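> next come a sequence and a model predicted from it.
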Amino acid sequence: MHRIALAFFLLAPVPVVLAAPADTAPTGVYVTDPAHTSLTWKISHFGLSNYTARFTGMEARLDWNAEKPEASTITVSVDPLSVRTDFPHPEVEDFDGKIGGNADFLAAKPISFKTRSITMTGEGTATVLGDLTFRGETHPASLDVRFNGSVAEHPMDKKPRLGFSATGVVHRTDWGLGFAVPALGEDVDLMIEAEFVPAEG
């Protein structure tokens, strides 16, 4: 009898709270949910591995057009001093502070990205072209973005929510960051995960 009950439990449908809702997030202004947003980057380290780090201070505003996503716009700001490398010997060197603030690296200058255009490339995929600013210089950069979906009412907070994944490559020397090239790779790979919630007010 217990086995029958267990089998029924295991085969029972997933609770309704986890089911995919039919309604999607409406047009409006959204901002990133910091608990579900991340910006990770990596560069080649002497061709032996990819050195990986992240920024913990990132905010974005999305002006979302649900009917015509390519008409949406996004602005992003990143605090360069929020870089986290997980350097194993902080008592020897403040490596995070060096990457974020040293003149040879990010120079403690604001990092921002603002869309120029969005081109749909498939069902739920797009190329986002924009202006990327860091170290006081601004140059074009592009991201390959996947729209992961949206809900009109999230089961946890009952608010609309949208989710995206994005990747891109930045040639750091274009922004004057040429430290240790080519031992350290010129290309910086970006990996972004973001969830957006309605902007307050």
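Cool, got the structure.
> what is the neighbour count of the closest residue to Phe46 other than its chain neighbours?
Using CB to CB, 6 or more residues apart in numbering and skipping the chain neighbours, the partner closest in space to Phe46 is Ala183 (5.5 Å). (Glycine included, C-beta is placed from N, CA and C.) By other CB atoms under 10 Å, 10 other residues sit near Ala183.
> so Ala183 touches Tyr51, yeah?
No - using CB atoms under 8 Å, Ala183 is not in contact with Tyr51; the gap is 11.2 Å.
> chain center to the longest strand along the chain: distance?
The strand that spans the most residues within the chain, counting by DSSP state E, is strand 137-151. Relative to its chain's centre, strand 137-151 lies at 8 Å (CA atoms, centre = their mean, to the nearest Å).
> same question for stretch 193-201.
On CA atoms, centre = their mean, the centre of stretch 193-201 falls 13 Å from the chain's centre.
> could you point out which element follows the longest strand of the chain?
Once the chain leaves strand 137-151, the next helix or strand it forms, by DSSP states H and E, is strand 161-171.
> average pLDDT for whatever helix or strand comes next after that next one, rounded please.
As assigned by DSSP H and E, the chain's next helix or strand after strand 161-171 is strand 187-198. The average pLDDT within strand 187-198 is 98.
> show me what strand 187-198 is packed against.
strand 28-32, strand 38-45, strand 58-64, strand 161-171 (3 or more CB pairs under 8 Å, 6 or more residues apart in numbering; DSSP states H and E).
> where does the protein have low pLDDT?
Along the chain, the parts satisfying pLDDT under 70 run over 1-22, 201.
> mind redoing it with 90?
The chain contains residues with pLDDT under 90 at 1-22, 200-201.
> can you name the residues in contact with the longest strand of the chain?
20-21, 23-25, 66, 69, 113, 116, 121, 124-132, 160-168, 170, 174-176, 190, 192 (CB atoms under 8 Å, 6 or more residues apart in numbering).
> angle of it against strand 28-32?
Put simply, strand 137-151 runs at 110 degrees to strand 28-32, going by axes from the mean of the first three to the mean of the last three CA atoms, to 10 degrees.
> partner strands of strand 137-151 and their direction?
Its sheet considered, strand 137-151 pairs with strand 125-134 (antiparallel), strand 161-171 (antiparallel) by DSSP bridges.
> could you list the residues in contact with the shortest one?
Counting contacts by CB under 8 Å, 6+ apart, the residues outside strand 125-134 that touch it are 69-70, 74, 80, 106, 109-121, 138-147, 166, 170, 175.
> which residues touch Asp157?
For Asp157, the contacting residues are Val197, by CB under 8 Å, 6+ apart.
> quick check: phi and psi on Val181?
The phi/psi pair for Val181 (degrees, to the nearest 10) reads phi -70, psi 130.
> hmm, back to that, got the phi/psi numbers for the residue nearest to Phe46?
Per degrees, to the nearest 10, the backbone of Ala183 is at phi -60, psi -40.
> what of Gly97?
Taking degrees, to the nearest 10, you get phi -60, psi -40 for the backbone angles of Gly97.
> that one and Phe105, how far apart?
Noted for Gly97: a distance of 10 Å to Phe105, by CB to CB, to the nearest Å.
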